[in-house]
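Colleague: Structure here, sequence nowhere to be found:
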Ligand SMILES: Nc1ncnc2c1ncn2[C@@H]1O[C@H](COP(=O)(O)OP(=O)(O)OP(=O)(O)O)[C@@H](O)[C@H]1O
Ligand SMILES: Nc1ncnc2c1ncn2[C@@H]1O[C@H](COP(=O)(O)OP(=O)(O)OP(=O)(O)O)[C@@H](O)[C@H]1O
Ligand SMILES: [Mg+2]
Ligand SMILES: [Mg+2]
């Protein structure tokens, strides 16, 4: 006798929802597919009508054109330096501060933390002019440091790391205290390794934000050899007379996104688990 | 008699010194300076003269600013609920361990990694008349074409679409994280309690992630109030200023008109608005909590 | 209201791993059955299959003559109390208890009646407006049971509901559960790996081991007549001491065995002809030993550890050849670690296990 | 290596809440002391104050004549085992155990020696390269102890280290801890609210109650001569039955009390002149009762619940007037719930508690 | 060895022209300027020119640089933006530099030199003049029967003829008559509006600190612009790049766009099988009002921002300017009007395609009064307000009133 047993799979999943999401996913992908399609077409052909995207032939000429422009690699390196520098800086400062706010006792701890939280609501516009002037004094414009520094003040990282440190059982650092470890050693050797998932989360966010930053590099990196990729691409986009073909623009979009997309694809699993499983187990 | 050992000590504060020094020099100090500038008649290249609150009066009396505030509020009012609900929906639909759903999760998050220049480039190429993807689709179905970027009403909508497309990843991820924290046995208990799917959603799932919903909403409100790049690059605030957000107003006043004082004043007003919105939400959520407890 | 449960040829496999292998079990209406076994033997899995939380690979389950393994959990008429209680954290006690009834559209006054009744039985009426976060472990446990009671289910399923409680509370709650069963007279299945819980609660105990049911019986049967060495060692605290048998001699009343370190032990056990003597052991429970004066007959036991439980004292020691034996003395025992005492064994209470672990007991009732 | 510990006039307040009130306690070098008390009585707080994890409001602590409450935790020479073990999850067992030694720059070969020795003692040498995530509960517990041992501390502090283990493992580990103490001979303080643990492990038990120390004594003293009704009820499982006294009569040997539902009970207890008879009760432990044939003298007990523990059987019942009494029978008891049996009480073992909860015991040693 | 930091818009085209030095082979703004700089470097091995391309128009960045005193040595700048910087003392007068290279003010066209002269000093090397033009698709005009016998398009010369021809064109081709930029960028509204105002000889900026849009002239100009759209004679919703390619695709008869597109469209017309093949011509914006033949013009110049520079560097800059001056013809191949008198009268220039058709804008071209500050911001305001009148329901009076109010508020608060 073989009657179908009831199977409890439905408890947390729902196939209909999944398919709706899949359709949304297709819609989500459509603009990207469109751009990729355009980027693979000859500009002249596109001039006659963009329906051409749906038919052969395809070409890589737009990418070849981009690759030949030598500055792109310089911009890429700048973006990398800035994004990595900012990520390391934010992780370091936020971890130190997060640890102290979550775990250590010192005068005015709560007050300071609340003040820092207020920093979350400060929009960049409210400080950017004064910042620009300050960097002027110290000759920091058109330097990597100058591009890295401003976002180190982001309160978000401190907030996040404080939460993560709070989630670690207190007994762990108490055990280390009894093990005669100094406060810094407790931080460095015991607790910091436990926040690795959190570091990954914050690191990824910081990296992406730095990579995509627009306004500050625009006004701080005013020399071409200090351009980041975002600024560089934007600067080369406005050639009025020739009004780049859609294909070339598409290729630029794809090309400029490529590094992060590759990083993303490689680390996707970590990113996803980092974002979702950030809590310390 | 010697003091017995205490854990609270000044030296522990050293850990926050590096961050606090950056925080003070790069955020608090410029903020204070910004406030000072807002009280002065000053342009990009000097000419500082104290004029009290006049800049604020000018900003608040400027119909363009009023329009920008209205645009921004509408934008936040529509895009944030959309982001929250869509993010929640996606999280619910993709909260599984199958290959398909992890692929889709990756896909929906992927757009968040693109920079604003790219996102707007993509969407401009989608929305442009004649050659755009939307134009092709409309043509295919024989519909009347719409000037998505150049029609009052549609322009802000289009900016919103691009924004939601760009920003949906983070809310989805945060919701997924929250959903995965819900113990599985709650669902089992609900199954034994004969709960329908709808009841499970409304009575178990949503209440369990209430705080995350609040968190996501606050983050998004703060972020979307700072809308700038999308509007600047897609519609340039137009037509007729119908998609000009507050930040763009600040940008125009400060950098096109060189009126730094007035721009600073508008910035401080934006800061205040964001602060109030965030505090209001925080207050609502904590107050609800207390009532519940 | 309550009903019998029949489990027929149930098999459960995860991919290629078999977790339960052809299980058959009939539980009478109103019976309190405990699934007992070491961790990982499949107790929870079996229980969850009855509840419909785990799919069944082969076989069927009936509750009161009606096949239920084809139904979703909610429609099987069973209620379950989870190890973690799985209370809905954002609902008050009352809401937790009403939720299941609201789902099937029971009238509001009926819901109120049932919730209030159950709350009274469980003495949690003053907690009805609190949320689980503000309840103690024991109170949560009672709310979880209350949530089950109000549904007036055909059977209650418990998955180690006491394991999150501290020792004192566990003892108290155990007692309450026993009383509850007497009061409601419902069919109850209770999963545990704690043999004290099993002994004190069960009408019948189902001992599970290696994907199979090893023995089914009343607590007394299981304790006094374990079918195998596994059961004998698993049930009882402290565990039964096992002494290797060197030689077996048949007598009229039973066999006399020669035990290393203890000499001859006369038993009332009759062994079959084909008894597998290799690796055979004799098993003795601590309470079947007694400390006697050095003049009397018995074994010399050198004490390593003394455990004073107040009402009795357990002596962990070794015989002359190093074999370990646990003996019992009264609560007022003066024995100290390091001493050597004389221990007498009550021969009728001994058990013999052959090389395959199969048990042989004294035929006489003791 | 190990040392005595003196706790002098220790008080702990959180804002206005007093958690510990003027505690004084001297622990001898090499003693195994257990802090026992209900949840929230301040056991952990006291232990953590010794460890330096909690600041002291008033008073001082000395270890081996040296005042240590002015020192940070790491320099007090004590080791602590936490309830959650608090192992460093990212370090292997070996790293977990070495960490404390590395912090004080012990030479590498000395570290290795100590770690290997401790691992051998605890039988975790094969686990040295695993991380805690891959250890079972019992193994983690041993690693936590190992981490303490290698530091060769002046005293070991344990905060309910067994409460995360399941019943069987808890029993085994308890035994191992006792052996470890015998082997190391170190001063150990152990916090628990489980009286079985306290009874089986302690040289001396410190009973804490309401911010104070209620009684200090050996397990036997505590069990047999509780100073108060609180201690009598808290220690012992099942708890002592308390029968209200209606009338007291002095005799030569002691007093004879009239107990409602039980008639006259002759005791060997002498009461002082100013005995507060209001609300006085007589306390009887289950093991001091026996089931006798209906012909013999005794009390009639109607049984509500029967708990078969295998080696003995507990009978929860009510006397004729409804007073509750717990009696004990042998493991092979045939008594069923609902029956009425005759129970005899051993009068010498009874205790009398006056209206203030103060205890009076039989003067004769039993 | 000297290095000149040069910052410009006009886009980047490293790929195609990164190493090119053959100026005559280059096409388009980007190609020509890139090649020019390459050639200059090749000719002057002791001078290195470090080029930074900025996003158009790049004034945010320039402002930031000026504020941080890190401005480059040579910057491309619109004539209309120069007053802002000059009035703040942020630009270096170039009289000495030019004199050192033997360039005289009188070598430039009047329109050009007057645009860069402030307070009697020259603040930029004028590089070109540009205006809005009518780029015509002759092939479509032919279809609509709007060609003369010798193949020249018949263009409107009043609003009435415009509407009539537009109708005729639409009927024949089913396409809009005009291809206009109407999305995202609003500058073209302002430029057309200025042109229409100038054609009415309006004195709307009589006082450089106040704009006056209350007169009938403003109303007439705007009404015309709105009517074109309302009567369906114009494309709608196109942003800049879309408008450029729409015309190239033959989606309309006449593109209203700048001089800079002549080179590109002309090149296209010489290729076979596209909408413009053998059918491209270009003309100044017709005179819709009779008062004056005028058209709004602006231009690009090279300025030297304030900063410390050695004499040696200034000399190098002078050489660069001289080189630009000498190659003014090459730049004019983009479609822009040359600023050097002898170029504009040269045969070489005149024989460039279509140049004779638009030659008169050199004289009819007219800028806003040089004293008007913040011309870019003003252009944005006017463009935005006019756009809302043209494309949505804002009334013409309202739009003009708000535009005037906003511009004056801006100017009052400088
Ligand atoms: N999803 C699964 N895939 C593979 N094996 C599983 C899965 N779930 C459970 N098992 C295995 O099934 C066996 C039975 O598990 P079950 O939870 O029923 O044990 P249990 O008797 O309840 O143990 P415990 O006393 O520890 O709760 C275990 O060996 C377990 O490893
Ligand atoms: N930070 C604090 N502020 C106020 N009261 C506190 C704080 N920490 C502990 N207490 C109180 O101090 C008392 C003693 O706590 P402690 O943890 O020592 O109890 P315990 O005896 O260890 O209990 P348990 O057996 O539950 O662990 C408790 O009543 C607790 O509520
Ligand atoms: Mg289980
Ligand atoms: Mg505690």
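Modeller: Nice, thanks for sending it over. All of these numbers come straight from a predicted model, not from anything done at the bench. Ligands and ions are numbered 1, 2, ... in the order given.
Colleague: Okay, and residue C:294 sits in which element?
Modeller: Assessed by DSSP states H and E, residue C:294 sits outside every helix and strand.
Colleague: now it, nearest residue through space, not along the chain?
Modeller: The shortest distance from residue C:294 to any non-neighbouring residue, by Cβ to Cβ, 6 or more residues apart in numbering or on different chains, is to residue C:342 (5.0 Å). (Glycine included, C-beta is placed from N, CA and C.)
Colleague: So the one you found lies in a helix, does it not?
Modeller: No. Remark: residue C:342 does not belong to a helix; assigned using DSSP: H, G, I helix; E, B strand; the rest coil, it is strand.
Colleague: Give me the distance between it and ligand 1.
Modeller: To ligand 1, residue C:342 is 40 Å away according to Cβ to the nearest ligand atom, to the nearest Å.
Colleague: any idea how far that residue is from residue D:83?
Modeller: Residue C:342 is 41 Å from residue D:83, where distance means Cβ to Cβ, to the nearest Å.
Colleague: Same check on residue A:225?
Modeller: Look at residue A:225 and residue D:83: by Cβ to Cβ, they are 60 Å apart.
Colleague: How about residue E:173?
Modeller: For residue E:173, the distance to residue D:83 (Cβ to Cβ) stands at 87 Å.
Colleague: Between those two, which is the more surrounded one?
Modeller: residue E:173 (21 against 17; other Cβ atoms under 10 Å in any protein chain shown).
Colleague: From residue E:261, how far out is that one?
Modeller: The gap separating residue E:173 from residue E:261 is 21 Å, by Cβ to Cβ.
Colleague: just residue B:74 next, same as before
Modeller: Plainly put, residue B:74 is 38 Å away from residue E:261 if you go by Cβ to Cβ.
Colleague: Identify each of the strands in the stretch 301-414 of chain E and give its residue range.
Modeller: Secondary structure of the stretch 301-414 of chain E, counting by DSSP state E, counting those that start in this stretch: strands at E:365-366.
Colleague: Flag the shaky bits of it, pLDDT-wise.
Modeller: Low-confidence segments of the stretch 301-414 of chain E, defined by pLDDT under 70: none present.
Colleague: Near chain B, which residues of it are found?
Modeller: Proximity of the stretch 301-414 of chain E to chain B (Cβ under 8 Å from any Cβ of the partner chain) is limited to residues E:374, E:376-377, E:380, E:384-385, E:387-388, E:391-392, E:394, E:402, E:406, E:409-410, E:413-414.
Colleague: Now with 7 Å, please.
Modeller: Residues of the stretch 301-414 of chain E lying close to chain B (Cβ under 7 Å from any Cβ of the partner chain) are E:374, E:376, E:377, E:380, E:384, E:387, E:388, E:391, E:392, E:394, E:410, E:413.
Colleague: how about stretch C:242-252: buried residues?
Modeller: Buried positions in stretch C:242-252, judged by neighbour count with 16 or more other Cβ atoms under 10 Å in any protein chain shown: C:242, C:243, C:245, C:248.
Colleague: can you give me the helices in the stretch 151-300 of chain C?
Modeller: Remark: helices assigned in the stretch 151-300 of chain C by DSSP state H, counting those that start in this stretch are C:167-184, C:195-201, C:219-224, C:229-234.
Colleague: helices or strands up against the second one?
Modeller: I take that to be helix C:195-201. On a contact count with 3 or more Cβ pairs under 7 Å, 6 or more residues apart in numbering or on different chains; DSSP states H and E, helix C:195-201 meets strand C:32-36, helix C:167-184, strand D:299-308.
Colleague: if you set the cut-off to 6 Å instead, what comes out?
Modeller: Packing partners of helix C:195-201 (3 or more Cβ pairs under 6 Å, 6 or more residues apart in numbering or on different chains; DSSP states H and E): strand C:32-36.
Colleague: out of the buried residues of stretch C:242-252, which touch chain E?
Modeller: Among the buried residues of stretch C:242-252, no residue sits close to chain E (Cβ under 6 Å from any Cβ of the partner chain).
Colleague: Pull the most distant pair out of those residues.
Modeller: Based on Cβ to Cβ, the longest span within the buried residues of stretch C:242-252 runs between C:242 and C:248 and measures 15.6 Å.
Colleague: and the closest residue in space to residue B:10 that isn't next to it in sequence, backbone torsions?
Modeller: The shortest distance from residue B:10 to any non-neighbouring residue, by Cβ to Cβ, 6+ apart, is to residue A:106 (6.1 Å). Here is the backbone geometry of residue A:106 (degrees, to the nearest 10): phi -160, psi 160.
Colleague: Number of residues surrounding residue A:106?
Modeller: Residue A:106, neighbours per other Cβ under 10 Å, totals 18.
Colleague: Give me the distance between the residue nearest to residue B:110 when sequence neighbours are not counted and residue A:212.
Modeller: Among residues not flanking residue B:110 along the chain, residue A:264 sits closest, at 6.3 Å (Cβ to Cβ, 6+ apart). Distance, residue A:264 to residue A:212, by Cβ to Cβ: 12 Å.
Colleague: Compare the two (neighbour count), which wins?
Modeller: Neighbours were counted for residue A:264 and for residue A:212 using other Cβ under 10 Å; residue A:212 has more, 24 against 19.
Colleague: so who does the more buried one touch?
Modeller: Contacts for residue A:212 (Cβ atoms under 6 Å, 6 or more residues apart in numbering or on different chains) come out as residue B:115.
Colleague: which parts of the helix or strand encompassing residue A:145 are buried?
Modeller: Assessed by DSSP H and E, residue A:145 sits inside helix A:144-148. Counting neighbours by 16+ other Cβ under 10 Å, one finds that the buried residues in helix A:144-148 are A:144, A:146, A:147, A:148.
Colleague: for the nearest residue to the first one once chain neighbours are set aside, helix, strand, or coil?
Modeller: Nearest residue to residue A:144, sequence neighbours excluded (Cβ to Cβ, 6+ apart): residue A:81, at 5.1 Å. Following three-state DSSP, the label given to residue A:81 is helix.
Colleague: State whether residue A:81 and residue A:143 are indeed in contact, as I suppose.
Modeller: No. If you go by Cβ atoms under 6 Å, residue A:81 and residue A:143 don't touch, sitting 10.5 Å apart.
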